[in-house]
Each structure stands twice: as structure tokens, then as C-alpha cells.
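Novice: I would like the atomic coordinates for the input below:
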Amino acid sequence: MRTPVAAACLAFSLCFAASASAATTQGGEPHTAKAEGGALDVVSVSFGQRSRELEIVYRSTEAITPQLLAEVKGGQICTVFEQASIAARAVCVTRSNGKWQIVSRGERVEGSVSQPRESELRLRFEPAAAKLRVGLADVYVNATAAGCSAQQAKAAKVTWSEAAIVSAAVLELPCEHRLPRVGNYRARVWDVVVSGCRRHGAGQVSRGPSGSKRVALTYDDGPSTYTPAFLRELRKLGVPATFFVIGQQVSANASVVRAMLRDGNMVANHSWNHANLGGGGAGASSQLRDTNAAIRRATGFTPCLFRPPYGSTGADLVSRANAQGMTSVLWSVDPLDWRTPGTGAIVNTALGQTHGGGIILSHDGGGPRSQTLEAMPQIVRGLKRRGYTFVTLTDLLGYSERITLAK
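Specialist: As a prediction, this is how the structure comes out:
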């Protein structure tokens, strides 16, 4: 049985399936071409994987300026992925509203763009966010400078007799480039297999670092009959969540728990049967141990996060969770969705309480959860409009994952 697949990784033939200790970075070797001249002449591209994220690096002969990639004037650098049985998909970087943007088929792709030097752009994003699939791919890059279509149209109207007096910018310097100049690069999209994570720092937390606008959605008390719908909605929204599961419910819903990990979500421990474990003791250790064992049997994954039922905790319980390699996690945002107060109330409370580093508590099990499900897209879109990014709890807390790559 395949161990859990967390996300798709794309890397070229030099991206090997790696050991857990070396899997955080693979690939990244440059592919180069001779300079053609003109605007936005991309002469090098590299593809690699850093943990869950695909990294694409473009290098040009001259500075890659915001003006050259202005979206309103058609500026963009696109990597086109051609895979069997699906339509080709272009992932593009452009400049819009004063910010670098990653887009695919007109939709924004969650990720980051940096510019280490004037002539270089680095894109990072999870392949699943761009709907890339596991398997082989043929890949090429198209770079189009802003205003290129207008420039080409102007050049097309110039007669040979006029050529001597028309500027070089019109006739001589190309504004659209392809890499490779002919053909494609061969690539493979790998499965990212996550077998565990490594905790560090405080034994118990209730929020992540407040310095950045990153937040984590968390869902408790599943897996339940509602959970598949939660997973479908997360896929539509292109964001991950962390699921704190009840151990005794895992075996009957093993495929659902595997789907959580396959989609890039995080699975965590919420006790065996939702008992109040605040007093600690040997019974608490047994509940944590049995739940981790059930998750491991179903998925091959061992959690590094534990949430005490009812938020009931104490020093002994925290110590016992830490001893099993888990941080005890509470929350900073509580919309009280378990009371079913109405979708609007859940949304308003979540939006009102969330700040940078926020851990948002909700439930996908333990009762009727249609209100929580209906609230999810409104919460996500509302916080995105405020500039927040959604990550798993392990990512929010800066924990590393045990990852291997598999075909």
C-alpha cells in the first residue's frame, strides 16, 4: 500500500527520490540557451522542489522589471506543462496592482515570487495549486514583454523602404522568446510522500508567529460523513487545513484520512475517543499512543501535533504529548461552530478574531457541520482579501516534514 501522498512535486530528470533527511531540496539544475537579444530574453530556467513547493527560476540577459511584465500590457513569463490525457496548463508570472502574481488560466495560484537579482525571478508554489498531475510532462517557457503585440503589429505595417528610418526597437529587437528555442524539456511530476513531522520549540501553543499574515484552518472531531465535502471544498479553494482526528474513527474512514494527506493537508491527534485528558496520567498516554498507531496503520504517517479535547490541558498532559513527539495545540480563533449558531455568525466571528499567526478552530465531525462547511469559503475569501495566506499548522509553526519522492 502506498504511504500518504501530500502533494505533487515536479522536478527534472536530476530530481531523484530522496531519503527523509535529504528530501527538502531536489533538482534545480539550469537549462540554458543562447541569447537572442531584445526585451525579456530569458536565457536560463531551472526547476526544483523545496519541501512541498515547486521552484522555478528564470534568468534573463537584462533586468526583469515590473514594466516588462505589466499584466495590463500582456507582459508575462509562462511555463507550459503538457501531460497525457489533460489539456496543457500554463503557469505564469506577471505584475498586477504593484505586486508579482502567479496565475494559471486566469486564476491566481497561491505561492511566492522573489527577485534575488535584477535579472532573476524565483517562483514557489505547490504543484497541486496549479492543478499539475503526477506523471511525465513536456515543458517549455514563453516570455512575452509588455506591449509586445502592439510592437509586432506596428512592425508588420513597416515597408522595406521605410525600414532604414524606423527604430531598432520596432524592427530588430524581439519581444517574445521561447525556451528551449526548439522542442521541450522532459519532466516528471513526483508524488510527495510524507511519513511524519518533527516538532520543536514550546510544548504547547495557541497561535503561530504574529509577524506574518499566515493563518491555519483546523478542524476537529472527524473523520465523519461530512469530511469528504470539507476536502472537496478545500480543493476548490486551493488552501490546506489541519485535521485533528479521533482515533477510534480512523479505521472505518482510512481512505478519507489518506485523502487528507494526499491533498496537502495535515493530520493530527485528537485522542482516541474525545475523553477529557486534562488530568494527564497513564490513560492519557495510552489514548495518544493508540490514536497515532491507528493513523499510522491507515496512512503510514505519524503526527507531531495533538489537540486536547475540550481544550482541557495541564502540565502533565503536555509533557506526555511531547514525549510522544507531539506539540499540544490550542487555538486563537473560536467561532463556536459546534453550537451551530448560523453560518453568518461563524463567518463574522472568524473574520473578527483572526490576526497574523492565527489558529482557527472549527469542526468537521461530532455533530451537524453543514454551517461550518458553508462558512469555509466565506472565511477563506474574506481573509484572502485582507492579504492572509493559509498554511498547515506544521508550516505555520515552522516544523519540518519527513518527505520522500515517489513515482
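Novice: For this structure, give the helix that spans the most residues.
Specialist: Longest helix of the chain, by residue count under DSSP state H: helix 282-299.
Novice: So which elements touch that one?
Specialist: helix 254-262, strand 266-269, helix 315-323 (3 or more CB pairs under 8 Å, 6 or more residues apart in numbering; DSSP states H and E). Where you see a C-beta, it was placed from the backbone N, CA and C, and this is true even at glycine.
Novice: any idea which helix or strand comes after that helix?
Specialist: Counting by DSSP states H and E, the element after helix 282-299 in chain order, helix or strand, is strand 305-306.
Novice: what's next to that next one, contact-wise?
Specialist: 197, 199, 242, 244, 266, 268-270, 288, 321, 324, 326-329, 393-394 (CB atoms under 8 Å, 6 or more residues apart in numbering).
Novice: 6 Å - rerun?
Specialist: Residues from elsewhere that reach strand 305-306, judged by CB atoms under 6 Å, 6 or more residues apart in numbering: 268-269, 321, 326-329, 393.
Novice: Would you map the strands across the stretch 51-200 of the chain?
Specialist: In the stretch 51-200 of the chain, the segments counted as strands under DSSP state E, counting those that start in this stretch are 53-60, 76-82, 89-96, 99-104, 107-108, 111-114, 120-125, 135-144, 176-179, 185-198.
Novice: could you dump the ones you listed to JSON lines with distance to Gln249 and mean neighbour count?
Specialist: Below are those laid out as JSON lines (distance: least, CB to CB, whole Å; neighbours: other CB atoms under 10 Å):
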{"stretch": "strand 53-60", "distance to Gln249": "31", "mean neighbour count": "21"}
{"stretch": "strand 76-82", "distance to Gln249": "38", "mean neighbour count": "21"}
{"stretch": "strand 89-96", "distance to Gln249": "36", "mean neighbour count": "21"}
{"stretch": "strand 99-104", "distance to Gln249": "36", "mean neighbour count": "17"}
{"stretch": "strand 107-108", "distance to Gln249": "34", "mean neighbour count": "12"}
{"stretch": "strand 111-114", "distance to Gln249": "34", "mean neighbour count": "16"}
{"stretch": "strand 120-125", "distance to Gln249": "33", "mean neighbour count": "19"}
{"stretch": "strand 135-144", "distance to Gln249": "33", "mean neighbour count": "20"}
{"stretch": "strand 176-179", "distance to Gln249": "50", "mean neighbour count": "20"}
{"stretch": "strand 185-198", "distance to Gln249": "21", "mean neighbour count": "21"}
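Novice: possible to save those strands as a markdown table with mean pLDDT and distance to Gly344?
Specialist: Putting these into a markdown table (pLDDT from 0 to 100; distance: least, CB to CB, whole Å) gives the following:
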| stretch | mean pLDDT | distance to Gly344 |
| --- | --- | --- |
| strand 53-60 | 92 | 35 |
| strand 76-82 | 97 | 39 |
| strand 89-96 | 97 | 32 |
| strand 99-104 | 97 | 31 |
| strand 107-108 | 92 | 26 |
| strand 111-114 | 95 | 31 |
| strand 120-125 | 96 | 32 |
| strand 135-144 | 92 | 43 |
| strand 176-179 | 96 | 49 |
| strand 185-198 | 85 | 35 |
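Novice: Ala70: which of those strands is closest?
Specialist: In terms of CB to CB, the element of those nearest to Ala70 is strand 89-96, at 5.4 Å.
Novice: Quick check: which ranges of the chain have low pLDDT?
Specialist: 1-26, 150-172 (pLDDT under 70).
Novice: That one - how does it break down into domains?
Specialist: As given by automatic domain parsing, the domain ranges for the chain are 5-190, 199-406.
Novice: circling back: what's next to the longest helix of the chain, contact-wise?
Specialist: Outside helix 282-299, the residues that touch it by CB under 6 Å, 6+ apart are 4, 247, 250, 254, 257-258, 261, 269, 271-272, 277, 302-303, 317, 320, 324.
Novice: Now for those residues, which sits with the most neighbours around it?
Specialist: Ranked by neighbour count (other CB atoms under 10 Å), the contacts of helix 282-299 have Asn269 at the top, with 29 neighbours.
Novice: List the beta-bridge partners for that residue.
Specialist: Val245, Phe306 (DSSP bridges).
Novice: Now do the contacts for it.
Specialist: Asn269 makes contacts with 288, 291-292, 303, 306, as judged by CB under 6 Å, 6+ apart.
Novice: how much space between it and Met326?
Specialist: Remark: distance between Asn269 and Met326 (CB to CB, to the nearest Å) = 6 Å.
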